Every structure is written in C-alpha cells, then in structure tokens.
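Trainee: Structure, please.
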Amino acid sequence: MKHNVENYWNDLDTRLEKLIEFGAVKLPSLKQFGLEKLSKEISEEMKGSTFKELSSAHKNFINYIDINKYLVPKLFEIAKKLFNYKGDMSNQYHIARKVEPGNSKEIYRAHFDSHLFTMVLPIKIPSSSVKGISGELIYFPKIRKMPANEINNLIGKVYYKKYASKIGIEKLSNFHQKHVENFLDYEPLLFFGKTTLHTNYPVLKVCESYRLTLLAHFFDDSPRYGVGGFMRMLRRR
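Mentor: Below you'll find the predicted structure:
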C-alpha cells in the first residue's frame, strides 16, 4: 500500500508549477485510501465539534500518506524562494472541519489564512446535483499581493471582511474570477493561503450527510503575536 502512496505523489513537481502560476492546484484523488472508515474514526473523535486539531485518526492519515516526506520539503523550498520564509519546516497546523447539515454558522466566512500554504483534503462530501447547498468551497486565488508585513496583512483582512456574506461574494465575483470546488472527485486543493480569499456555501438540511474536510496549513511567517496565532489560541480554548 505504501507503494500506492509513492505513486500518489509522482507528478507533484508539475502540479507545484501550476500552483506557483495560478495560486491554486488540484492534487490526485484520495479515494484509494479508504475514506469512509477514516471519516467515521475522525467524526467519532470530534464528538460533535465543528473543529478539532489533529486527532489521532487525523494524524495517522497525514503520516500514512507521507505529507512530510513528499509535499512539505517542496513547499518549504518554494516558501524560501518566493516568500523569503525563514521559519522551520515543522511550522504546520492541521485541523479537521465537520459541518452538519443545517449549520448556519459556517457559511460565507470569507477570510485569508495566516499560513503561506493551505491544503483542503476532502474526506466525506455530501453529494448534490444543486450548486451551492452542500458546503462547496468558494475561492479567489491571488486576489491580493503577499502582505509585506503584519500591519498590511491585518489591513487586507479587515478590508475583505466586507465580502463575508452571500451578497458580498456575489459583488466580489463581478470583478474577480470566482472558483467553486465541490470536492466530489475527492481531489485535494492546495493554494496560497495568504493571498487566496476563501469561504464556503452552506450545508443545507437536505444534504444526506455531514461534510468533513482536513485542513493542512504550512508555514505561518507572521510574528507570534499575529492575527493567525491569536485566532488559533482562541480555537484551542
């Protein structure tokens, strides 16, 4: 099975070239890795929470697909070359996000991440033939330049908060290309976290299951007192 993991990453260099060019790229499907069993294990460990940082089942899966062997070193080199990143390769933040049908809090919360790279790994996705009812990811790659410092980062985050609503996203899409990803192919999405504005459609009550994704964040170059660190501290409480 580990041989399949090696094959999974065999065209990573080509995909990372697209990441650099477009700000976002899809990775191969995770369907081969027994997602139904994984979904149940992570869901049980979350115990009704919407977010949980790196449960044991989550950690085992990340280790199993060898992210730290195949992906992280290459992202680390890109971070140093493109963004002058001087931090450590172990600077990562992994959290599971589970949205039950009818959860009205996890919608249109448009934001930038504090890490240089974000990867969304789909684990359980409710199927739907209707667009915009099963929590699809809405994202705008490279909608802003990389912030020069934490003050610029904060100003940008505050400015784009005016688009954190259904009407706001519709307005923004009039002059920036909107991308929508439903993840029904179970292909992860990797993007530049600090320059990609992203949010989610609602998971409506008509959906037959919850929506579970694993969010992998790599390399927060903000100071320890930055916005991202503060928000993660609050989430852990």
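
Trainee: burial count for residue 64?
Mentor: 14 (other Cβ atoms under 10 Å). Where you see a C-beta, it was placed from the backbone N, CA and C, and this is true even at glycine.

Trainee: List the residues that contact it.
Mentor: Contacts for residue 64 (Cβ atoms under 8 Å, 6 or more residues apart in numbering) come out as 5, 33.

Trainee: From residue 115, how far off is it?
Mentor: In this view, residue 64 and residue 115 are 22 Å apart by Cβ to Cβ, to the nearest Å.

Trainee: where's the spatially most central residue of the chain, which helix or strand?
Mentor: Among the residues of the chain, the one closest to the centroid is residue 120, at 3.6 Å (Cα atoms, centre = their mean). Using DSSP states H and E, the element containing residue 120 is strand 115-124.

Trainee: contacts for the next helix-or-strand element following that strand?
Mentor: Per DSSP H and E, the first helix or strand lying C-terminal to strand 115-124 is strand 137-140. With Cβ under 8 Å, 6+ apart as the test, strand 137-140 has contacts from 24, 110, 120, 169, 172, 176-183, 189, 191, 196-201.

Trainee: Run through the neighbouring helices and strands of the strand holding residue 120.
Mentor: Here strand 115-124 touches helix 35-46, helix 72-83, strand 189-192, strand 211-220, going by 3 or more Cβ pairs under 8 Å, 6 or more residues apart in numbering; DSSP states H and E.

Trainee: got the angle between the second one and strand 115-124?
Mentor: What separates the directions of helix 72-83 and strand 115-124 is an angle of 140 degrees, with axes from the mean of the first three to the mean of the last three Cα atoms, to 10 degrees.

Trainee: mind listing what's buried in helix 72-83?
Mentor: Using 16 or more other Cβ atoms under 10 Å as the test for burial, helix 72-83 gives 72, 75, 76, 78, 79.

Trainee: ok, back up a step: how about JSON lines for the helices and strands packed on strand 115-124, with mean pLDDT added?
Mentor: Shown next, in JSON lines, are these (pLDDT from 0 to 100):
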{"stretch": "helix 35-46", "mean pLDDT": "97"}
{"stretch": "helix 72-83", "mean pLDDT": "98"}
{"stretch": "strand 189-192", "mean pLDDT": "98"}
{"stretch": "strand 211-220", "mean pLDDT": "98"}
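
Trainee: Output the buried residues of helix 72-83 in CSV; the columns should cover distance to residue 40.
Mentor: Shown next, in CSV, are the buried residues of helix 72-83 (distance: Cβ to Cβ, whole Å):
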residue, distance to residue 40
72, 27
75, 30
76, 33
78, 35
79, 35
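
Trainee: one step back: could you take the helices and strands packed on strand 115-124 and lay them out as CSV, with extra columns for distance to residue 94?
Mentor: Formatted as CSV, the helices and strands packed on strand 115-124 follow (distance: least, Cβ to Cβ, whole Å):
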stretch, distance to residue 94
helix 35-46, 11
helix 72-83, 12
strand 189-192, 14
strand 211-220, 5
